[in-house]
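K.L.:
Pasting the sequence and the predicted model now:
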Amino acid sequence: MIAAENINVTKVEQSKLKDINLENIPFGKYFTDHMLEVDYEDGEWKNAEIKPYQPLLLDPSLAALHYGQAIFEGIKAYKNEAGEVSIFRPIDNFKRFNISAERMQMPQVPEEIFMEGMRMLIELDKNWVPQQVDHSLYIRPFMFSSDHMIGVRPSEKYKFMIILSPTGPYYNSPMRIYVEEHYVRAVPGGVGYAKAAGNYGGAMYATAQAKLKGYDQVLWTDAFEHKYVQECGTMNVFFIIGNTAITPDLKEGTILAGVTRDSTMVMLKDMGFDVQEKSLSIDDVISAYNAGILYEVFGTGTAATISMIKELRYKDFVMEFDVDSWKTAPEVKSRLNAIRYGQVPDNHGWMQKI
């Protein structure tokens, strides 16, 4: 077992930061000076190091390239007005990472490697954390099988890594969403609840088809009836119907247990909403819209945070929303940002200081 003090650190000679403007930076385009890399071999984790960000040398027979044993997480760190850096709910992402690892027959990553490795890496690259509103340091832990062998079986070797990316907003404007009736993201008994790389690769074709129709993303529906809503693109989704906030439940294992989803439910309860996790059919959504009580629809996610939906299309029926008049989604976002940027006390214990 690797102790945190045994994570070797090699620093860059000169930072790349001098050549990058952190204002209005796009999502996922630039990466910080360093990365964490740890190997799993012979049943144990070893060779833990933080070193300059660099390409990997991969064998063409690398198991992950052929059989898709790859998982990841998305976490964010924020800088307050005093320049202090804190990570938002990292322990929840750590727990979810290992749930994904179990589903994909990969080894558990120890807490001291995941959490302390992340802390040490961010401490080293904390000058990369933007301070502007809606900007943050995106943290990407990931793990992939690293056997050099062609054969359908769990690998014996794995590589766990963390890279960091300063970022601005993922979605810059309210979205137009197409309700998907043919392609599916997940099925009961599948890997929908895991943050597996293949989930995202498999979603790209349907998303591309929606974009050809002029839409930004798809609202996934269930695999059997194409009737019950699931996730919205790469986000969880919320519907404000009357004084009730509804989000699809997690019972069937087809939906990712989003950390921002959970945080949003806490904020909505604090705001006086009746928050319900349950199955919701697209017919019920349309009925609420026609009755004038479907007030808001928005997505939640680490990358997206809170993303408002201005149009929802099911078959030929189009639901349009005046997002400029909305109060709930903006208030949820404002409350979450106040916690993340240290503007109010963190009464939920969500922020971990670096």
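P.N.:
Thanks, I have the structure now.
K.L.:
hmm, who's touching stretch 261-271?
P.N.:
Taking contacts as C-beta atoms under 8 Å, 6 or more residues apart in numbering, the residues outside stretch 261-271 that touch it are 89, 92, 236, 238, 245, 247, 275, 277, 300-301, 306, 328, 331-332, 335-336, 348, 350. Just so you know, the C-beta spots here come from the backbone N, C-alpha and C atoms, and that holds for glycine as well.
K.L.:
Buried ones in it, by neighbour count?
P.N.:
By neighbour count, with 16 or more other C-beta atoms under 10 Å as the criterion, the buried positions of stretch 261-271 are 261, 263, 264, 265, 267, 268.
K.L.:
Stretch 100-120 too?
P.N.:
Neighbour counts using 16+ other C-beta under 10 Å place 100-101, 103-104, 106-107, 109-110, 112-120 of stretch 100-120 among the buried residues.
K.L.:
List the contacts of it.
P.N.:
Counting contacts by C-beta under 8 Å, 6+ apart, the residues outside stretch 100-120 that touch it are 1-4, 7, 9, 36, 38, 40, 45, 48, 50, 69-71, 73, 75, 87, 90-91, 94, 97-98, 139, 141, 143, 145, 154-155, 158, 160, 162, 191, 193-196, 352, 354.
K.L.:
what do you get for stretch 194-207?
P.N.:
68, 70-74, 96-97, 99-100, 103-104, 144, 180, 182-183, 185-186, 191-192, 217-218, 220, 233-234, 256.
K.L.:
Whichever of those residues end up buried, select them in PyMOL.
P.N.:
Selecting only the buried members of these in PyMOL, with burial defined as 16+ other C-beta under 10 Å, works like this:
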select buried, resi 68+70+71+72+73+74+96+97+100+103+104+144+180+183+185+186+191+192+217+218+220+233+234+256
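K.L.:
Among the contacts of stretch 194-207, name the ones in strands.
P.N.:
70, 71, 72, 144, 217, 218, 220 (DSSP state E).
K.L.:
Break this protein down into its domains, please.
P.N.:
The chain breaks down by automatic domain parsing into domains covering 4-169, 175-340.
K.L.:
Mean pLDDT added to the ones you listed, as a markdown table?
P.N.:
Written out in a markdown table, the entries for the domains of the chain read as follows (pLDDT from 0 to 100):
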| stretch | mean pLDDT |
| --- | --- |
| domain 4-169 | 95 |
| domain 175-340 | 97 |
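K.L.:
now, which of the ones in strands among the contacts of stretch 194-207 sits nearest residue 31?
P.N.:
Within the set of those, residue 72 lies nearest residue 31; the separation is 14.5 Å, counting by C-beta to C-beta.
K.L.:
which residue packs closest to the closest one, ignoring adjacent ones?
P.N.:
Of all residues not flanking residue 72 in the chain, residue 142 sits nearest, at 3.8 Å (C-beta to C-beta, 6 or more residues apart in numbering).
K.L.:
if I've got this straight, the one you found is in a strand?
P.N.:
Yes: secondary structure assignment places residue 142 in a strand (DSSP: H, G, I helix; E, B strand; the rest coil).
K.L.:
any idea how far residue 244 is from it?
P.N.:
For residue 142, the distance to residue 244 equals 37 Å [C-beta to C-beta, to the nearest Å].
K.L.:
again, but for residue 188
P.N.:
For residue 188, the distance to residue 244 - C-beta to C-beta - is 26 Å.
K.L.:
try residue 205
P.N.:
Residue 205 is 34 Å from residue 244, by C-beta to C-beta.
K.L.:
And residue 10, by the same measure?
P.N.:
In this structure, residue 10 and residue 244 are 53 Å apart, going by C-beta to C-beta.
K.L.:
ok, now residue 293?
P.N.:
Using C-beta to C-beta, one gets 9 Å for the distance from residue 293 to residue 244.
K.L.:
go on, residue 68?
P.N.:
The span separating residue 68 from residue 244 equals 39 Å under the rule C-beta to C-beta.
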